[in-house]
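Asks: any chance you could fold what I've pasted below:
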Amino acid sequence: MAPRESARRRSLFNVSSFPTIRFPVSGLSADACRLFRGSPRFPLKAVPLMPDTGPEGAGFHWGTMRLIALTVALSLVVGLVAGGSLREFPGVHLRWWGLAIAGVVLQMAFPRGALSIPSLIGSFVALLVFAAVNVRAPGFIAILVGLSLNALVIAVNGGMPVTAHAITASGQSDTLAGLAANGDGQKHFLSNADTRLLPLGDVIAIPQPVAQAVSAGDLCVHVGVGWFMVAGMRKRQRSAPTPTLGTATEA
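Replies: You can find the predicted model right below:
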């Protein structure tokens, strides 16, 4: 791959033809090595980033679900310890909930293929608008900042860059080969010398049992979600009137 071609490999403005990612592997069979371009180096098994779960090979990364579950569980614990209650949640009102649902569905609907990048762009547009219209709600400033950081790094690279170190440190070494071979058309791709704004990519490793590589934007979003949940659980406490001095009950 020529350096000039590599420099524009993942641009959102040239998504019609993504060149193959160069990533060195070693210890693989001749057939497996055909998945890669470059000299062998890493003795890893060639597997897709996401497990196949359907007839069309659409997968789902369970590490994301574990991280979401951990965020919700910790938020519930903090909210309960702080004296909150789940009974308060029905009173929490957010605007334009449909955008949040649409944004999540779009990210899951097309993990691969020609529609993966357009659906990812549409997902972030929906989520950013949802966060913006609810920015005065507790935690939504952090959510908006996190989504904006993720959208920025994805926009300049045509996908979310992930470092090999973060993948290995988070216990996902068996996904490296598949990520290198099949990065085109997916949300994530293995970072290289041409990656821009890499510190905003998935460079933070969360080990087992979560086993997930996340970005600074992801952490902001999860902090915002936790903040919102704890604040929602304590809503009645905050809104309860404070007794004033000088009031007495007549006998």
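Asks: tell me the helix or strand right after the lowest-mean-pLDDT helix or strand in the chain.
Replies: Per-element confidence for the chain was summarised using mean pLDDT, DSSP states H and E. The lowest value among helices and strands belongs to helix 30-33, with a mean of 38. As assigned by DSSP states H and E, the chain's next helix or strand after helix 30-33 is helix 62-81.
Asks: CA atoms only: put that next one into PDB for me.
Replies: Once side chains and other backbone atoms are set aside, the C-alpha atoms of helix 62-81 remain, and they are given as PDB (Å, rounded to 0.1, in the frame of the first residue of the first chain):
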ATOM      1  CA  TRP A  62     -20.700  -9.000  25.000                       C
ATOM      2  CA  GLY A  63     -18.000  -6.900  26.600                       C
ATOM      3  CA  THR A  64     -20.100  -3.800  25.900                       C
ATOM      4  CA  MET A  65     -23.000  -5.300  27.600                       C
ATOM      5  CA  ARG A  66     -20.900  -6.300  30.600                       C
ATOM      6  CA  LEU A  67     -19.600  -2.700  30.900                       C
ATOM      7  CA  ILE A  68     -23.200  -1.300  30.700                       C
ATOM      8  CA  ALA A  69     -24.300  -3.800  33.400                       C
ATOM      9  CA  LEU A  70     -21.400  -2.800  35.600                       C
ATOM     10  CA  THR A  71     -22.200   0.900  35.200                       C
ATOM     11  CA  VAL A  72     -25.900   0.300  36.000                       C
ATOM     12  CA  ALA A  73     -25.100  -1.900  39.000                       C
ATOM     13  CA  LEU A  74     -22.600   0.600  40.500                       C
ATOM     14  CA  SER A  75     -25.000   3.500  40.000                       C
ATOM     15  CA  LEU A  76     -27.800   1.600  41.700                       C
ATOM     16  CA  VAL A  77     -25.500   0.800  44.700                       C
ATOM     17  CA  VAL A  78     -24.300   4.400  45.000                       C
ATOM     18  CA  GLY A  79     -27.900   5.700  44.600                       C
ATOM     19  CA  LEU A  80     -29.200   3.400  47.300                       C
ATOM     20  CA  VAL A  81     -26.300   4.100  49.700                       C
END
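Asks: for that helix, give me every contacting residue.
Replies: Counting by C-beta atoms under 8 Å, 6 or more residues apart in numbering, helix 62-81 makes contact with 86, 170, 172, 206, 209-212, 214, 218, 222, 225-226, 229-230, 232-234, all of which sit outside it. C-betas here are computed from N, CA, C, even on glycine.
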